[in-house]
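Asks: Provided below for reference: sequence and predicted model.
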Amino acid sequence: MQKPNSDRLIPALFMCFKEGYSLSTLRSDMIAGLTVAIVALPLAMAMAVASGASPDKGLVTSVVAGFFISFLGGSRVQIGGPTGAFVVVIFDVIARYGLDGLIVASVMAGIILIIAGYAHMGKLIKYIPYPVITGFTTGIAVIIASSQVKDFLGMEIDNVPAEFIEKWMAYFTNLNTTSVYAVGLGLLALAIILICKKISAKIPAYLVSIALVSLLSWVMNMPVETIGSRFPDMPTGLPVPTLPALTLEEVRDLIPSAFTIAFLAGIEALLSAVVADSMIGTKHSLNQELVGQGVANIASGFFGGLPATGAIARTATNIKSGGKTPMSGIFHALFLLVFLYTIMDILAYIPMAGLAAVLFMVAWGMSDIKHFLQISRISPSDRTILFMTFGLTVLVDLTVAIGIGVTLASLLFMRHMSKSIEIQPHMRLTQYDADDGDGDDAAASARAVRNEVEVPEGVAAFQINGPLFFGVASELCDRMQNLITIPRILILRMRFMPYLDASGEASIEEILKICHQHHSYIIFAGMRKQPMDMLYRAGLSRDKEVAFTTNFDEALKLATKLMSDPDFVSKHQDTV
């Protein structure tokens with residue numbers, strides 16, 4: 001049987017070539033690649049600057065990582081490159097370990113992603129709660145916007161604090177150093193972006209904005225900081241691959257950052273691929289996408305680039321521009337490579353205030369205010385997870401935010417699950433209750449219609465509704481211990497119990513112990529495969545005081561038969 005798309009480990013490019021690649025498709029991919037390269041040019045530089053690196057690092061990332069994401073990824077139209085999700089992590093790694101540390105973190109993250117892909121762990125990323133994703137992406141958006149206030153206002157601050165509160169205190173303290181020219185260019189850049197987006201989505205708004213404010217700044221010789229003045233020695237072309245020089249202790253310290261980068265890369269890449277699927281009507285291979293992302297991050301690291309992932313906005317632009325196969329992403333990388341070798345001198349004239357305006361728009365797009373407000377109104381638990389993840393991202397650390405957010409979400413989910421599980425006396429039958437899926441016993445159905453249960457004296461029946469896991473396992477024992485009289489026969493109906501974990505198995509063992517002490521007999525009715533396998537491996541199925549029946553009706557028949565046996569009744573006395 002053929003594996004579904006999400007499980008196949010075949011690059012989408014190979015699948016497209018296998019299906020046939022025509023000259024018209026080549027032309028469409030080339031045009032789309034050029035369009036996306038034009039859009040990606042200012043974004044890649046802006047992301048690098050926001051991350052604390054030079055603009056050329058962003059272009060190198062888009063070229064190298066963008067090529068491998070398209071060449072080896074699992075999506076037909078995914079465009080890869082630096083994104084805002086990594087800004088916080090990259091900035092922290094560069095500040096503590098320099099570019100060598102970033103190379104190591106990127107390579108380790110790539111290895112993690114490759115292992116995750118080949119281990120078919122792509123589906124696990126889908127289980128990250130939406131409030132956690134929204135909380136940390138909105139937090140990252142706030143951090144990106146905050147980091148650009150200095151450049152947007154043209155402030156003269158030598159060292160801007162990394163911490164959020166201290167950063168804003170420094171801004172307020174240095175408001176008197178604001179440059180009117182920088183503010184004017186920044187506002188003009190924002191206005192141009194908004195007007196272009198209003199006129200047509202096909203206009204490369206960011207590039208038009210950057211080009212116009214750069215031209216104005218150059219013609220009027222404005223006294224504002226530019227890319228060239230901040231990064232005077234910016235190289236041209238691809239750098240030579242390098243190996244970092246770090247100690248083993250520093251490498252160990254970078255492991256949490258590597259896992260964070262891998263996590264963010266996987267989340268954003270798969271989200272972008274899902275958006276692309278909805279737009280073009282295909283299915284991506286999520287595990288192959290992780291492998292492609294992993295190779296791309298390793299390659300980007302060795303070339304001195306930044307971590308990369310799928311970019312939703314650039315992927316959408318690719319689709320709207322006519323991109324049909326991964327070749328459009330490869331062309332996008334090749335065009336950026338040409339730009340990297342030919343126009344770096346021109347890019348030096350871009351004002352930092354103009355790039356800050358681009359990043360403000362990127363941050364606004366990431367913030368997803370609509371869903372943030374929507375989640376905050378859904379339920380107290382979701383609101384708590386959302387605000388805690390958001391607050392920790394902004395005020396503490398992204399790694400801490402994700403860890404605590406996921407942990408809290410898991411705990412709250414288990415709490416809700418434990419409340420939804422019922423362990424109740426089985427007093428009545430319904431038509432649905434009567435049949436455990438093993439026949440249509442007419443007598444059982446007739447009893448169900450009359451809402452009657454023929455339970456012999458000395459027999460008690462309990463029904464477990466929901467998975468019996470560690471969050472609720474103790475309740476079953478509590479119910480048994482609270483019984484005034486332990487019955488001769490206890491029927492545990494488990495038709496509605498789909499899952500049993502080790503804690504649940506231990507609680508059943510505890511019930512068996514209580515029943516054995518009081519000479520009580522247990523019948524398990526309608527047990528499903530997974531719980532049955534758990535009890536079989538634990539050895540409980542070999543207990544002589546335990547019986548298993550395929551449905552509840554058979555359990556009642558067995559209980560009636562046993563209660564009519566004098567030897568059984570004398571052996572199993574009701575006890576208090």
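Replies: Okay, I see it. Numbers count the residues shown, from 1 in each chain.

Asks: wait, isn't residue 486 in contact with residue 514?
Replies: Yes: counting by Cβ atoms under 8 Å, residue 514 is a contact partner of residue 486 at 7.2 Å. Any C-beta I mention is one placed from the backbone N, CA and C, and that applies to glycine too.

Asks: ok, the two, which is more surrounded?
Replies: More crowded of residue 486 and residue 514, by other Cβ atoms under 10 Å: residue 486, with 20 against 16.

Asks: Give the residue spans of this protein that score low on pLDDT.
Replies: By pLDDT under 70, the weakly predicted segments of the chain are 1-7, 417-454, 470-476, 479-485, 541, 543, 572-576.

Asks: Give me the nearest residue to the most centrally placed residue in the chain, chain neighbours excluded.
Replies: The centroid of the chain falls nearest to residue 267 when counting by Cα atoms, centre = their mean (3.9 Å). In space, and not counting its chain neighbours, residue 267 is closest to residue 125: 5.8 Å by Cβ to Cβ, 6 or more residues apart in numbering.

Asks: quick one, what contacts that neighbour?
Replies: Contacts of residue 125 were listed using Cβ atoms under 8 Å, 6 or more residues apart in numbering, and they are 263, 266, 267, 270, 286.

Asks: Need the phi and psi values for it.
Replies: Main-chain dihedrals, residue 125, degrees, to the nearest 10: phi -60, psi -30.

Asks: same thing with residue 76?
Replies: phi -70, psi -30.

Asks: what number of residues lie near it?
Replies: Around residue 76 sit 27 other residues, with neighbours defined as other Cβ under 10 Å.

Asks: what about the nearest residue to residue 58 once chain neighbours are set aside, which SS state?
Replies: If the residues on either side of it in the chain are set aside, residue 58 comes closest to residue 48, at 3.2 Å by Cβ to Cβ, 6+ apart. Three-state assignment for residue 48 (DSSP: H, G, I helix; E, B strand; the rest coil): helix.

Asks: How about the contacts made by residue 251?
Replies: Taking Cβ under 8 Å, 6+ apart as the test, what residue 251 contacts is 104, 108.

Asks: Against residue 105, how distant is it?
Replies: Distance of residue 251 to residue 105, computed by Cβ to Cβ, to the nearest Å: 9 Å.

Asks: And residue 84, by the same measure?
Replies: Using Cβ to Cβ, one gets 17 Å for the distance from residue 84 to residue 105.

Asks: Which one's more surrounded, those two?
Replies: The neighbour comparison of residue 84 against residue 105 (other Cβ under 10 Å) goes to residue 105, with 31 against 24.

Asks: measure the residue nearest to residue 267 to residue 330 for me?
Replies: Taking Cβ to Cβ as the measure, residue 125 falls 25 Å from residue 330.

Asks: distance between stretch 339-355 and the chain's centre?
Replies: Here stretch 339-355 shows a centroid-to-chain-centroid distance of 34 Å under the convention Cα atoms, centre = their mean, to the nearest Å.

Asks: which parts of the longest helix seen in the chain are buried?
Replies: Using DSSP state H to define each element, the chain has its longest helix at helix 87-118. Buried positions in helix 87-118, judged by neighbour count with 16 or more other Cβ atoms under 10 Å: 87-94, 97, 99-114, 116-117.

Asks: Likewise for stretch 240-253?
Replies: Within stretch 240-253, the residues that count as buried by 16+ other Cβ under 10 Å are 244, 246, 250, 251, 253.

Asks: all helices of the stretch 201-350 of the chain, in order?
Replies: 205-219, 227-230, 248-253, 255-280, 286-302, 312-320, 327-342, 344-347 (DSSP state H, counting those that start in this stretch).

Asks: Dump the ones you listed to TSV, plus distance to residue 492.
Replies: Below are these laid out as TSV (distance: least, Cβ to Cβ, whole Å):
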stretch	distance to residue 492
helix 205-219	64
helix 227-230	71
helix 248-253	50
helix 255-280	41
helix 286-302	40
helix 312-320	50
helix 327-342	57
helix 344-347	72
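
Asks: for those helices, which one sits closest to residue 459?
Replies: Closest to residue 459 of the helices of the stretch 201-350 of the chain, according to Cβ to Cβ: helix 286-302, at 50.8 Å.

Asks: now the closest one, how far from the chain's geometric center?
Replies: On Cα atoms, centre = their mean, the centre of helix 286-302 falls 17 Å from the chain's centre.

Asks: What helices and strands are in contact with it?
Replies: Applying 3 or more Cβ pairs under 8 Å, 6 or more residues apart in numbering; DSSP states H and E, one finds that helix 286-302 makes contact with helix 55-72, helix 87-118, helix 255-280, strand 309-310.

Asks: What residues does residue 401 make contact with?
Replies: Residue 401 sits next to 135, 136, 139, 388, 389, 390, 391, 392, 393 when contact means Cβ under 8 Å, 6+ apart.

Asks: Mind giving me the PyMOL select for these, buried ones only?
Replies: Buried residues within the contacts of residue 401, by 16+ other Cβ under 10 Å, are selected in PyMOL with:
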select buried, resi 135+136+139+388+389+390+392+393
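
Asks: any chance of the contacts of residue 401 in TSV, plus distance to residue 24 and secondary structure?
Replies: Putting the contacts of residue 401 into TSV (distance: Cβ to Cβ, whole Å; DSSP: H, G, I helix; E, B strand; the rest coil) gives the following:
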residue	distance to residue 24	secondary structure
135	44	helix
136	42	helix
139	44	helix
388	52	helix
389	46	helix
390	47	helix
391	52	helix
392	50	helix
393	46	helix
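
Asks: Reformat the contacts of residue 401 into JSON lines and put distance to residue 42 next to each item.
Replies: Below are those laid out as JSON lines (distance: Cβ to Cβ, whole Å):
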{"residue": "135", "distance to residue 42": "28"}
{"residue": "136", "distance to residue 42": "25"}
{"residue": "139", "distance to residue 42": "24"}
{"residue": "388", "distance to residue 42": "34"}
{"residue": "389", "distance to residue 42": "30"}
{"residue": "390", "distance to residue 42": "28"}
{"residue": "391", "distance to residue 42": "31"}
{"residue": "392", "distance to residue 42": "31"}
{"residue": "393", "distance to residue 42": "25"}
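
Asks: those helices in the stretch 401-550 of the chain, which residues are they?
Replies: 431-434, 442-449, 473-481, 502-517, 529-538.

Asks: Against which helices or strands is the fourth one packed?
Replies: By that I understand helix 502-517. Using 3+ Cβ pairs under 8 Å, 6+ apart, helix 502-517 sits against helix 473-481, strand 489-493, strand 521-525, helix 529-538.

Asks: Could you list every helix and strand that the last one packs against?
Replies: Spelled out, that is helix 529-538. In terms of contacts (3+ Cβ pairs under 8 Å, 6+ apart), helix 529-538 is packed against helix 502-517.
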